[in-house]
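Student: here is my input; please provide its structure:
(one chain, ligands or ions: 1)
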Amino acid sequence: MPTNIRIIQWLKVLCLALSVLTAMGSPATDQARIIELRHELARQDDLYYRKAAPEISDAAYDALKAELHRLENTYPDFKHTNTAVGDDRTGGFAKYRHLEPMLSLDKAYSNAELAAFHQAMAARLGHEDIVYRIEPKFDGIAVSLTYENGHLVRAATRGNGAEGDDITDNVRALCAPPEELKAVTEDAGSLPALIEVRGEIYLGQEAFARINREREEAGEPLFANPRNLAAGSVKLLDANALQARHLDLVCYGWGAIEPADARPATLGEFRQRLQAWGLPMVEEPLTAVGWEALLDAIGRMQTARKALGIPTDGVVVKLEAVAEQDQLGLGPAAPRWAIARKFPAERVTTRLKAITWQVGRTGVVTPVAELEPVALSGSTVARASLHNAKEIAALDLRIGDMVWVEKAGEIIPAIMGIDHQQRPADASVYAVPEECPVCGTRLVINEEQAARRCPNYDCVAQVAERVEYFASKSGVDIKGLGPATVVTWVERGWVRSPADLYGLKREQLLGVPGFGERSVDALLAAIAESRGADWPDVLRGLGLPGVGSERARDLAHAVNGLDALIAVDLESLVKPENAGGAGFGNSLARTVLAHLAKPQVQTELKALATAGVGTSVSGGKTLATEGAFSGEVVVLTGTLSRWTRAEATAALEAAGASVEPRVTKRTTLVVAGENPGAKLQQARERGITVLDEAALVARLGLEM
Ligand code: IVH
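Tutor: You can find the predicted model right below:
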């Protein structure tokens, strides 16, 4: 190769290298980063919205979003119109085209960004004294409820903003929104011919914690946060699974309203209507005039939202006057008259002192991070859950590490990551136990679920957990009997199963340091009283594998009383007319039976029956088999005049029926109120008996 050509080639390489170097932080790299971020966020949106299985924490997602936001603002020309609000549409649902688009909200990640929003509002409206409304930003699943002449006709997801999934049946089953809006007598005009009410379906923090606790005990993977659980629930296609979940609804806005003059003039007025109509909303409204007051109100809302028991991830600021909202209009992806002030999840760093292993009721052994106590979101955190050994390995966690702790769903502390720079030289690898930390039995390892289980049914830890569970609110609710007392009794060998509680002697208990006559007598009275606990509570308290609180209620219908449970066979568990078929598929039924067949379990159940618990013999109450609706599987449709849907359900259940959300093969009766929906049609097609309200009331033995 001639020398001059070689020189030219070298020069080319040099130029390329130089251009790469100078491109760092240049428009070209920034714009490439914008594309990359959009791509990554779209992927994360897909995981989050459609699969309900995000890969990164909300904080990490928000950081990417904020970076994109910054870059897009630096290159306004490059900021193409982005109508993406995610897309949650999935197969298995009919589609619904929203009459008004269901948009997203612009986000402000700092007060500076919020100030820019306020300045833009002031410039557009021509004054600074803007009236704002400040609301919590609920962290659930957006839903649009269509009411026609006050009747609920549809519930839909946001979808891509223009078209969503029709999830009417699921929403009815999950959160029973009012089927009928209450008319406002003094202002009949305020019940519009049509309204799309916009709101959020969410899972309360307590329910979230309970579900995860149950999953943890069963060795099942945990939900990352309440929103994922809600997102998964609204898309459930399995009626049985649906029946076991209960979510809540909160309303905050509207889409289409007909006639147009039925639109409210202010958000305050809209709230009054929501309340009058009987739609759920949150009691924490705030308004503010001007910038200073806005900041102050946001600060107050930031504190108030924590006490709501509802997952929130920020505060929404909206223009109060609807005329001003109209003046500003909508952008491609979000209204111009509102913004969400997002706050990063509170996160602190602290030191990991140790990893201990805890044995649960079913023997599942889970790691617990013991932390240097640290203040986080209003409480002191000294322990965090670590789900399983795989997770510890994935985090590459060592004893002595400085770790980031966040509250998942703002309630359970979780370790989100490690500050590798601060790892001490002597940080030690923890040991995964081969043996039960309590009784020393060799653990059984389930690789698939990354779970370890102590197979020793008599392991003191398991016994104490079982007795505690039986005595807890989830079971027969023995007031005043706490975990520490149970552990003492189990350790002394007095209590080996729940039945032993009923044989405890006064003198025996008085011998325990710290227990005086009054506390012992109160405890014994509470234990005696629990003999009369309702059968479903007793059954739940037994904590059968795979039988959480909701399924226990269904099982209690199929297997009525402790004697029946002791003698139960496979057929009666899986027979579709039993248990409302509620989840007692073959495999669950077999799991339950295998458990019941264990000699220790049989002995315990018989002892409990002898103690007079959960049997009809003893004054302990079993379900009303003689109820007017015993054995019936009932579906409700339309509105009843004397009851809400929840009240009617309770009345029917008390009379022995099991109430289900949909007409299926199992359905034996349909109760049709005013304006019944498609279920009435389905009932007729299937030849199912239909009762109207008068017939229902009569059969319940009540007067109309
Ligand atoms: S108003 C046109 N108010 O947050 C959109 N939305 O990230 C106006 N959200 O799509 C929505 N709490 O699903 C509004 N108090 C609130 C909200 C709220 C939660 C949701 C909603 C929205 C999403 C945007």
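Student: closest point of the stretch 301-450 of the chain to the ligand, which residue?
Tutor: Val316 (4.1 Å; Cβ to the nearest ligand atom). Glycine gets a C-beta too; all of them are placed from N, C-alpha and C.
Student: likewise for the chain?
Tutor: Ala142 (3.2 Å).
Student: then the residue of the stretch 301-450 of the chain closest to the ligand would be within a strand, right?
Tutor: Yes. Assessed with DSSP: H, G, I helix; E, B strand; the rest coil, Val316 lies in a strand.
Student: which residues pair with it across the strands?
Tutor: In this entry, Val316 is beta-bridged to Glu135, Ala340, by DSSP bridges.
Student: residue contacts, it?
Tutor: Each residue near Val316 by Cβ atoms under 8 Å, 6 or more residues apart in numbering is listed here: 105, 134-137, 252, 338-341.
Student: may I see those residues arranged in TSV, with neighbour count as well?
Tutor: Shown next, in TSV, are the contacts of Val316 (neighbours: other Cβ atoms under 10 Å):
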residue	neighbour count
Leu105	19
Ile134	25
Glu135	24
Pro136	25
Lys137	21
Tyr252	23
Ala338	20
Ile339	25
Ala340	21
Arg341	24
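Student: ok, which pair from the residues you listed is furthest apart?
Tutor: Spatially, the most separated pair among the contacts of Val316 is Tyr252 and Arg341, at 15.4 Å (Cβ to Cβ).
Student: hmm, back to that, and which of the contacts of Val316 is nearest to Thr668?
Tutor: Among these, and counting by Cβ to Cβ, the member closest to Thr668 is Tyr252, at 39.5 Å.
Student: how is the closest one assigned, secondary-structure-wise?
Tutor: Criterion first, three-state DSSP; result for Tyr252: strand.
Student: where's it relative to Glu435, distance?
Tutor: Per Cβ to Cβ, to the nearest Å, Tyr252 is found 53 Å from Glu435.
Student: likewise for Ala230?
Tutor: 39 Å.
Student: need the contact list for the closest residue to Gly503 other than its chain neighbours.
Tutor: Take Gly503 and drop its neighbours on the chain: the residue closest to it by Cβ to Cβ, 6 or more residues apart in numbering is Ala611, 7.3 Å away. By Cβ under 8 Å, 6+ apart, the contact set of Ala611 is 499, 502-503, 531.
Student: from the residues you listed, which would you call buried?
Tutor: 499, 502, 531 (16 or more other Cβ atoms under 10 Å).
Student: which of those residues fall in strands?
Tutor: Nothing among the buried ones among the contacts of Ala611 maps onto strands, per DSSP state E.
Student: lowest-confidence entry in those?
Tutor: By pLDDT, Arg531 ranks lowest within the buried ones among the contacts of Ala611, coming in at 90.
Student: that one and Gly612: what is the separation?
Tutor: The value you get for Arg531 to Gly612, if Cβ to Cβ is used, is 5 Å.
Student: same deal with Ile478?
Tutor: Taking Cβ to Cβ, one finds Ile478 at 15 Å from Gly612.
Student: which of the two has more neighbours?
Tutor: Ile478 (25 against 17; other Cβ atoms under 10 Å).
Student: for the closest residue to that one other than its chain neighbours, which residues are in contact?
Tutor: Closest residue to Ile478 apart from its sequence neighbours, by Cβ to Cβ, 6+ apart: Ala471 at 4.2 Å. For Ala471, the contacting residues are 477-478, 481, 486, 498, 501, 530, 541, by Cβ under 8 Å, 6+ apart.
Student: who does the host helix or strand of Ala384 touch, helix- and strand-wise?
Tutor: Taking DSSP states H and E as the definition, Ala384 sits inside strand 379-385. Judged by 3 or more Cβ pairs under 8 Å, 6 or more residues apart in numbering; DSSP states H and E, the packing partners of strand 379-385 are strand 364-376, strand 402-408, strand 412-418.
Student: restricting to C-alpha, output it in PDB.
Tutor: Extracted in PDB, the C-alpha atoms of strand 379-385 (Å, rounded to 0.1, in the frame of the first residue of the first chain):
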ATOM      1  CA  SER A 379     -40.900   4.800  61.900                       C
ATOM      2  CA  THR A 380     -37.700   3.200  63.000                       C
ATOM      3  CA  VAL A 381     -36.600   0.300  60.800                       C
ATOM      4  CA  ALA A 382     -34.400  -2.400  62.300                       C
ATOM      5  CA  ARG A 383     -35.300  -5.300  60.100                       C
ATOM      6  CA  ALA A 384     -36.100  -5.800  56.500                       C
ATOM      7  CA  SER A 385     -37.500  -8.800  54.600                       C
END
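Student: which other residues reach it?
Tutor: Counting by Cβ under 8 Å, 6+ apart, 216, 222, 348, 350, 366, 368-375, 405, 407, 412-415 sit against strand 379-385.
Student: so which elements touch the next helix or strand after it?
Tutor: Following strand 379-385 in sequence order, the next helix or strand is helix 389-395 (DSSP H and E). Other helices and strands packing on helix 389-395, by 3+ Cβ pairs under 8 Å, 6+ apart, are strand 412-418.
Student: would you map the helices across the stretch 1-150 of the chain?
Tutor: Assigned by DSSP state H, counting those that start in this stretch, the stretch 1-150 of the chain shows helices spanning 3-23, 27-45, 58-74, 111-125.
Student: and the third one, does that touch the ligand?
Tutor: Meaning helix 58-74. No. Helix 58-74 stays clear of the ligand (Cβ under 6 Å from any ligand atom), getting no nearer than 10.6 Å.
Student: alpha carbons of that helix, in CSV - could you do that?
Tutor: Provided in CSV are the C-alpha atoms of helix 58-74 (Å, rounded to 0.1, in the frame of the first residue of the first chain):
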residue,chain,number,x,y,z
ASP,A,58,-40.1,3.2,40.8
ALA,A,59,-37.3,5.4,41.9
ALA,A,60,-35.0,4.1,39.2
TYR,A,61,-37.8,4.5,36.6
ASP,A,62,-38.4,8.1,37.8
ALA,A,63,-34.7,8.8,37.5
LEU,A,64,-34.7,7.7,33.8
LYS,A,65,-37.9,9.7,33.2
ALA,A,66,-36.3,12.8,34.8
GLU,A,67,-33.1,12.4,32.7
LEU,A,68,-35.2,12.2,29.6
HIS,A,69,-37.2,15.2,30.7
ARG,A,70,-34.1,17.2,31.2
LEU,A,71,-32.6,16.3,27.9
GLU,A,72,-35.8,16.8,26.0
ASN,A,73,-36.1,20.3,27.5
THR,A,74,-32.5,21.0,26.3
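Student: what would the helices and strands packed on strand 379-385 look like in CSV with distance to Leu237 and mean pLDDT?
Tutor: Listed next are the helices and strands packed on strand 379-385 as CSV, based on distance: least, Cβ to Cβ, whole Å; pLDDT from 0 to 100:
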stretch, distance to Leu237, mean pLDDT
strand 364-376, 29, 88
strand 402-408, 27, 84
strand 412-418, 29, 82
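Student: confidence score at the nearest residue to Arg398 once chain neighbours are set aside?
Tutor: Spatial nearest neighbour of Arg398, chain neighbours left out: Ala427 (3.8 Å); criterion: Cβ to Cβ, 6+ apart. For Ala427, the model assigns a pLDDT of 90.
Student: follow-up on the earlier one: so which of the contacts of Ala471 are also by the ligand?
Tutor: Among those, the ligand is touched by none when using Cβ under 6 Å from any ligand atom.
Student: residues near Gly638, how many?
Tutor: Around Gly638 there are 20 other residues, counting by other Cβ under 10 Å.
Student: so who does it touch?
Tutor: 179, 672-677, 680.
Student: about what we covered before: hang on, the residue nearest to Arg398 packs against Val403?
Tutor: No. Ala427 is beyond contact range of Val403, at 11.1 Å (criterion: Cβ atoms under 8 Å).
Student: ok, now which ones touch Glu179?
Tutor: Glu179 sits in contact with 151-152, 638-639, 645, where contact means Cβ under 8 Å, 6+ apart.
Student: give me the subset of those residues lying in strands.
Tutor: Using DSSP E, these in strands are 151-152.
Student: can you lay out the buried ones among the contacts of Ala611 as CSV showing distance to the ligand?
Tutor: Listed next are the buried ones among the contacts of Ala611 as CSV, based on distance: Cβ to the nearest ligand atom, whole Å:
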residue, distance to the ligand
Ala499, 49
Tyr502, 50
Arg531, 47
